[in-house]
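*Asks:* Below are the sequence and a predicted model for it; my questions follow.
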Amino acid sequence: MPSTPSRDLETFANPEPGRDYTIRIRVPEFTCLCPKTGQPDFAELTLEYVPEALCVELKSLKLYVWSFRDEGAFHEAVTNRILADLVAAIAPRFMRLTADFNVRGGIYTTVVAEHRAAGWAIPPRVELP
């Protein structure tokens, strides 16, 4: 049976909860509709996060992203909504979502939204010789 779009974000236990590490996910085929014209908007999403107890399961993320395909949304609103839904699902230490939209009317738009858990700070970078 074929898959269908879904707003359900599945999770799994972080295999290394005692360590800060970064997960980067690139979604090159995000689509939604322009709320003014109804024409399609295309973007590449880049999700970066430092998990706490949970990680997002990738198939459910794919189906979640797909659920926006026929929905009208301003770039700023859809980026912040996706970030909020992901934060609600996995409560990461840190999360950044970059939505790099293709040209519309001669204008490119990039929206970057971030979340930081209370009390979490970026560990200092280690420079090796």
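*Replies:* Right, received. Where do you want to start? Source: prediction; values computed, not measured. Numbering: from 1, shown residues only.
*Asks:* May I see the buried residues of the helix or strand D85 falls within?
*Replies:* Assigned by DSSP states H and E, D85 falls within helix 75-90. By 16 or more other CB atoms under 10 Å, the buried positions in helix 75-90 come out as H75, V78, T79, I82, L83, L86, V87, A89, I90. For every residue, glycine as well, the C-beta is placed using N, CA and C.
*Asks:* For those, which two are the farthest from each other?
*Replies:* Largest separation among those by CB to CB: H75 and I90, giving 23.3 Å.
*Asks:* got any ranges where the protein has weak pLDDT?
*Replies:* When residues are selected by pLDDT under 70, those of the chain lie in 1-2.
*Asks:* And the strands in it?
*Replies:* Using DSSP state E, the strands of the chain run over 11-13, 23-33, 40-50, 54-56, 94-104, 107-116.
*Asks:* could I get those as JSON lines with distance to E127 and mean neighbour count?
*Replies:* Below are those laid out as JSON lines (distance: least, CB to CB, whole Å; neighbours: other CB atoms under 10 Å):
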{"stretch": "strand 11-13", "distance to E127": "32", "mean neighbour count": "12"}
{"stretch": "strand 23-33", "distance to E127": "21", "mean neighbour count": "15"}
{"stretch": "strand 40-50", "distance to E127": "20", "mean neighbour count": "18"}
{"stretch": "strand 54-56", "distance to E127": "28", "mean neighbour count": "19"}
{"stretch": "strand 94-104", "distance to E127": "21", "mean neighbour count": "18"}
{"stretch": "strand 107-116", "distance to E127": "23", "mean neighbour count": "14"}
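*Asks:* Adding distance to V126, write these out as TSV.
*Replies:* TSV is the format used below for the strands of the chain (distance: least, CB to CB, whole Å):
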stretch	distance to V126
strand 11-13	27
strand 23-33	19
strand 40-50	16
strand 54-56	24
strand 94-104	17
strand 107-116	21
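*Asks:* nearest to F68, of the ones you listed?
*Replies:* Distance to F68, taken as CB to CB, is lowest for strand 23-33 among the strands of the chain, at 4.5 Å.
*Asks:* Quick one: residues in contact with the closest one.
*Replies:* The contact list for strand 23-33 (CB atoms under 8 Å, 6 or more residues apart in numbering) reads 39-51, 55-56, 58, 61-62, 65, 68-73, 78, 99.
*Asks:* Perfect, I'm done here.
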